[in-house]
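Trainee: A predicted structure for the sequence below; I have some questions about it.
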Amino acid sequence: MKIGILLTGHPPDELQDKFSEYDAMFAALLDGNGFTYETFAVVDGQFPKDAFQADGWIITGSRHGAYEDHAWIPPLEDLIRAIQRSGRPLIGVCFGHQIIAQALGGKVEKFTGGWAVGRTEYDLEGQSVTLNAWHQDQVVELPEGARVTGTNDFCHNAMVSYGDNIWTVQAHPEYGDAFIQGLMETRGKGVVPDPLMEAAANRLPGPDDNATIGRHMAEFLKKERA
């Protein structure tokens, strides 16, 4: 099964030597499922020819906001709607979670409650899962027909499904503790409040449910659909 990865951002330059690009992080998360991958750096204007160029799709995280004025965002929204119509599976993570909601009629904004950083617990349909978060933006209004599948008190719309072929998550199952630490030392400085970063650092390292969500994502991508 060929998975198209829509790259909507890049890691900080300071972390490039130590950590891989986001597409490689997802390939590692989904290792063992027999997937092949093709990456399209949509953030750099590189788009697939259509929704049928892959059997399933993943939209990555990004330092950009879904509501920002970038030339690549409208065509990405068009592609999201085309993938939805195609019936092919689509997964969105963090920015991907947000841009899918926006493309389908929801609303994304900078959350007045502030940031979520580091190890964070969510209720995934009755199961407690811990994932690394890194976001201030949130989906504050869902599109018609969307269903919340994961939540917590800080981020109500933390995991969302759209019919049978789209599932999204606000947190980062592809991020390990070391990468979150790297973000705190680079992009977080002067942006995320120091007390919040200190509290997040004190929760590192620790167990997470990245593998559980990775299996969930793989099963979702491979699921037989009519």
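Mentor: Received it, and whenever you're ready, just let me know what you need.

Trainee: which residues of this protein fall in helices?
Mentor: Using DSSP state H, the helices of the chain run over 22-29, 73-86, 95-103, 177-185, 194-202, 210-222.

Trainee: quick one: contacts for the residue nearest the centre of the chain?
Mentor: Centroid check for the chain by CA atoms, centre = their mean gives Val93 as the closest residue, at 1.0 Å. By CB atoms under 8 Å, 6 or more residues apart in numbering, the residues touching Val93 are 26, 58-61, 168-169, 171-174. C-beta: built from backbone N, CA, C; applies to glycine.

Trainee: burial of Ile99, as a residue count?
Mentor: For Ile99, the count of nearby residues is 28 (other CB atoms under 10 Å).

Trainee: mind checking pLDDT for it?
Mentor: Per-residue pLDDT puts Ile99 at 98.

Trainee: how about low-confidence regions in the protein?
Mentor: For the chain, the stretches with pLDDT under 70 are 226.

Trainee: that one: strands as residue ranges?
Mentor: 2-6, 36-40, 56-59, 90-93, 107-110, 116-124, 127-135, 137-141, 146-151, 159-162, 166-169 (DSSP state E).

Trainee: check contacts around the residue lying closest to Met217 once chain neighbours are set aside.
Mentor: What sits nearest to Met217 in space, not counting adjacent residues and going by CB to CB, 6 or more residues apart in numbering, is Ile91, at 5.6 Å. Shown in contact with Ile91 (CB under 8 Å, 6+ apart): 56-59, 166-169, 217, 220-221.

Trainee: how about Phe111?
Mentor: If you count contacts by CB under 8 Å, 6+ apart, Phe111 has them with 136-138, 140, 155.

Trainee: what does stretch 25-45 contact?
Mentor: 1-10, 19-21, 23, 46-48, 53-54, 58, 60, 62, 64, 71-72, 75-76, 79, 93, 173-175, 179, 210, 214, 217-218, 221-222.

Trainee: quick one, what contacts the closest residue to Gln53 other than its chain neighbours?
Mentor: Of all residues not flanking Gln53 in the chain, Gly4 sits nearest, at 6.1 Å (CB to CB, 6+ apart). Contacts for Gly4 (CB under 8 Å, 6+ apart) come out as 37-40, 48, 53-54, 56-58.

Trainee: nearest to Val117 among the residues you listed?
Mentor: Ile58 (22.7 Å; CB to CB).

Trainee: that closest one reaches Gly96, doesn't it?
Mentor: Yes - shown here, Ile58 and Gly96 form a contact pair, counting by CB atoms under 8 Å, at 7.1 Å.

Trainee: now Arg63: how far from Leu183?
Mentor: 10 Å (CB to CB, to the nearest Å).

Trainee: who's more crowded, the two?
Mentor: Leu183 (26 against 15).

Trainee: for the more buried one, what are its contacts?
Mentor: 12, 15, 134.

Trainee: chain neighbours aside, what residue packs nearest to the second one?
Mentor: Just to be clear, that refers to Leu15. Leaving out its chain neighbours, the residue that sits closest to Leu15 by CB to CB, 6+ apart is Gly182, at 4.6 Å.

Trainee: can you check the first one too?
Mentor: Closest residue to Pro12 in three dimensions, ignoring its sequence neighbours and counting by CB to CB, 6+ apart: Thr186, at 4.3 Å.
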